[in-house]
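*Asks:* Provided below for reference: sequence and predicted model.
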Amino acid sequence: MLIIVDTNIFVGACLGMGASCEVVATCIRQGNTALMGTALYSEYEDVLSRASLFKKSRLSNDERDELLNIFLSECRWTRIYFGWSPNLQDEGDNHLVELAVAGGASHIVTRNIRDLKSTELIFPEISVVTPEKFLEEMRHGNSNDSTSARRKTQTS
């Protein structure tokens, strides 16, 4: 499954937050592929350089860098050729939707649900979900498949 792992999920994994750790782990070893773009990579680098965020982290700075490098080695680099400008409340998050559209992602996994769902452009094939919801959908095989979504709509 192609997904976007928002920066707050990767930070959560570095801090040992269960569901965030599991999402990152599924990208490293279980077949989900995280998409990565220039803006998201820059955001990861910026946030991971803020020592104050990681005072209670069980990982050292070197270990966080190593985790990021391992994660990035499993990501699919995706170029955004067209800016959709979904006009989210936080304009700084537009790149997540643009990356999902460019790469054909089925999910944006984030803790920032409210801001990412308040878009002027609707992309029904992309689910914006918490890490817990994403893991639940994985366990039950409920990935966001536009074909099955069309079937559900047609049978309703």
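*Replies:* Received the coordinates, thanks. Numbers count the residues shown, from 1 in each chain.
*Asks:* below-threshold pLDDT in this structure: ranges please.
*Replies:* The model of the chain has pLDDT under 70 over residues 82-93, 117-121, 142-156.
*Asks:* quick one, longest helix in it?
*Replies:* helix 61-74 (DSSP state H).
*Asks:* following that helix, which helix or strand shows up next?
*Replies:* strand 76-77 (DSSP states H and E).
*Asks:* what helices or strands is that next one leaning on?
*Replies:* In terms of contacts (3 or more Cβ pairs under 8 Å, 6 or more residues apart in numbering; DSSP states H and E), strand 76-77 is packed against strand 33-36. Yep, even glycine has a C-beta here, placed from its N, CA and C like the rest.
*Asks:* quick one: strands adjacent to the strand it packs on?
*Replies:* Strand pairing for strand 33-36, using DSSP bridges, gives strand 2-5 (parallel), strand 76-77 (parallel).
*Asks:* quick check: next helix or strand after the longest one?
*Replies:* Think strand 2-5. Using DSSP H and E, the first helix or strand after strand 2-5 is helix 7-14.
*Asks:* the last one now?
*Replies:* Helices and strands here follow DSSP H and E; after strand 76-77, the next one along the chain is helix 94-103.
*Asks:* paired strands for the helix or strand following that following helix, with orientation please.
*Replies:* Per DSSP H and E, the first helix or strand lying C-terminal to helix 94-103 is strand 107-109. Note on strand 107-109: by DSSP bridges, its sheet partners are strand 2-5 (parallel), strand 127-129 (parallel).
*Asks:* got the CA coordinates for the longest helix of the chain in PDB?
*Replies:* Output of helix 61-74 as PDB, limited to C-alpha atoms (Å, rounded to 0.1, in the frame of the first residue of the first chain):
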ATOM      1  CA  ASN A  61      20.400  11.900  18.000                       C
ATOM      2  CA  ASP A  62      22.500   9.300  16.100                       C
ATOM      3  CA  GLU A  63      19.900   6.600  16.500                       C
ATOM      4  CA  ARG A  64      17.200   9.000  15.200                       C
ATOM      5  CA  ASP A  65      19.400   9.700  12.200                       C
ATOM      6  CA  GLU A  66      19.900   6.000  11.600                       C
ATOM      7  CA  LEU A  67      16.200   5.300  11.900                       C
ATOM      8  CA  LEU A  68      15.500   8.100   9.400                       C
ATOM      9  CA  ASN A  69      18.100   6.700   7.000                       C
ATOM     10  CA  ILE A  70      16.600   3.200   7.200                       C
ATOM     11  CA  PHE A  71      13.100   4.600   6.700                       C
ATOM     12  CA  LEU A  72      14.200   6.700   3.700                       C
ATOM     13  CA  SER A  73      15.900   3.700   2.100                       C
ATOM     14  CA  GLU A  74      12.500   2.100   1.900                       C
END
